[in-house]
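Participant: next comes the sequence, and after it the predicted model I'd like to discuss.
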Amino acid sequence: ADLFDGIVMAEQRFHGEGYQEGFAEGSHAGMAEGRRYGALHGARIGSEIGSYLGFALTWRCLLQKCTDEKNSKRIRALDSLIGMVQKFPYNDPTYDKLQEDLEKIRGKFKQVCSMLNIQSDFRIETERSSLTF
């Protein structure tokens, strides 16, 4: 009777073992793929945020010498953008408002570009890693 039980139950036993092995291998592969995706996505966001900060600091420096009311408004908008970028939580990947804050920064960047009469279509070339405005 034991011989037949082993044969009859073999399919179920092998199915269970195969499932456990596949689950463990899939979990490992999923973690590795998730890390790669997270690092790539984080690098893109970091590059975007860094370019906004460099842009704002450069224009802030260029407009610093002009003291008319129009440039005063531009400088205040630039200061706001700089402040938003500096408050961005780089070290907290679990920050629940990350996308919301990123969209606010993008909106402020577009506003500043409009005030400066500069085209604001930002994009990252993934192949050459260059920024274009």
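Facilitator: That came through fine.
Participant: which one's the longest helix in this protein?
Facilitator: The single longest helix within the chain, with elements called by DSSP state H, is helix 2-63.
Participant: tell me which other helices or strands that helix touches.
Facilitator: Counting contacts by 3 or more Cβ pairs under 8 Å, 6 or more residues apart in numbering; DSSP states H and E, helix 2-63 is packed against helix 69-87, helix 98-115, strand 123-125. Every C-beta, even on glycine, is put in place using the N, C-alpha and C of the backbone.
Participant: can you rerun that using 10 Å?
Facilitator: helix 69-87, helix 98-115, strand 123-125, strand 130-132 (3 or more Cβ pairs under 10 Å, 6 or more residues apart in numbering; DSSP states H and E).
Participant: give me the angle between it and helix 98-115.
Facilitator: Between helix 2-63 and helix 98-115, the angle comes out at 30 degrees (axes from the mean of the first three to the mean of the last three Cα atoms, to 10 degrees).
Participant: which SS class is residue 92?
Facilitator: Secondary structure of residue 92, reduced to three states by DSSP: H, G, I helix; E, B strand; the rest coil: coil.
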